[in-house]
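**Q** Whatever this is, show me its structure:
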Amino acid sequence: MKAWKKYQEDVRDLFRALGLQAETDFSVEGVRTSHDIDVFVSTEFKGFRVKWLVECKLWKTPVTKLHVLALREIVTDVGADRGIILSESGFQRGAQEAANLTNVHLASLTSIGDSASQEFSLMEIHELYDKAEENKIIYWDIPKSTRIKYGLRFDVGGPVGYSGNIISEFCLDVLAKALRGVYPFTSTSNEGYQLFGKDMEFGNVKDVLSIVQPLVDELSEKLEFCRAQESK
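**A** Numbering: from 1, shown residues only. Down below sits the predicted model:
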């Protein structure tokens, strides 16, 4: 296999390892014409298809400004969310200037793995935050007596048990901190202490998702069950 072809496949495999759809030598239709893309990357986010166009330049010389401008045109014609040029030989100064403040990203194979992972992890956090907010709204729309009946909260004076409100407030607090993208951070909320008996430290996105995702999903399932039973 030729080196440039293997480079394309390595790029494809990197994005697939992040859980994204990725295809090499992909033809995509634009408004004016069709375009052959080295690697086409896509995923679904909030019902919308996110599209990235990746050009792989395994050259001995730095990428020029002209190649950045060409990809910018293709990104616009296709309506893609981002264009990416990967080069292991760097980029000329003009290329970097042409890419500044645009949706064309310049990187190497190693660096794009880190940045893409962070970006899509942030999308996951956004999506989870929206779901936690929706849970909170649904929770407070249900009468107190019904919430007690279906175990969404405990009754005052009775044994302490599950609380959808405590879950919601803890999850929203942690996710709001995670959206800032500054790690590590510590959740010192009363709700967190009630749930875990200690302050919770989160070192990265995976820590956040491993703790918060199951809590949000569980509350969502309980709310869905409650509404289904009450609608009978």
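**Q** Same question for stretch 7-19: list its buried residues.
**A** For stretch 7-19, a neighbour-count test (16 or more other C-beta atoms under 10 Å) marks Y7, Q8, V11, R12, L14, F15 as buried. In short, each C-beta sits where N, CA and C put it, glycine included.
**Q** immediately after the helix or strand of the chain with the lowest mean pLDDT, which helix or strand?
**A** Here the helix or strand of the chain ranked lowest by mean pLDDT, DSSP states H and E is helix 109-141, holding a mean of 85. Using DSSP states H and E, the helix or strand that follows helix 109-141 towards the C-terminus is helix 144-149.
**Q** does C56 belong to a helix or a strand, and which?
**A** Here C56 is covered by strand 48-57, with elements defined by DSSP H and E.
**Q** And for that strand, what's in contact with it?
**A** The contact list for strand 48-57 (C-beta atoms under 8 Å, 6 or more residues apart in numbering) reads 4, 7-8, 11, 15, 28, 35, 37-44, 63, 67, 71, 74-75, 78-87, 89, 123.
**Q** so where's this protein uncertain?
**A** The chain contains residues with pLDDT under 70 at 46-47.
**Q** Relative to the whole chain's centre, how far out is stretch 182-201?
**A** Here stretch 182-201 is found 23 Å from its chain centre; the criterion is C-alpha atoms, centre = their mean, to the nearest Å.
**Q** for stretch 58-73, same thing?
**A** 28 Å.
**Q** Pull that stretch out as CSV, backbone CA atoms only.
**A** Once non-C-alpha atoms are left out, stretch 58-73 reads as follows in CSV (Å, rounded to 0.1, in the frame of the first residue of the first chain):
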residue,chain,number,x,y,z
LEU,A,58,1.4,13.6,3.2
TRP,A,59,3.9,15.8,1.5
LYS,A,60,7.6,16.7,2.0
THR,A,61,6.8,20.4,1.9
PRO,A,62,4.5,22.6,4.0
VAL,A,63,0.9,23.2,2.8
THR,A,64,0.3,26.5,1.0
LYS,A,65,-2.3,29.2,1.4
LEU,A,66,-3.9,28.2,-1.9
HIS,A,67,-4.9,24.8,-0.5
VAL,A,68,-6.5,26.4,2.5
LEU,A,69,-8.5,28.8,0.3
ALA,A,70,-9.6,25.9,-1.9
LEU,A,71,-10.8,23.8,1.0
ARG,A,72,-12.7,26.9,2.4
GLU,A,73,-14.6,27.1,-0.9
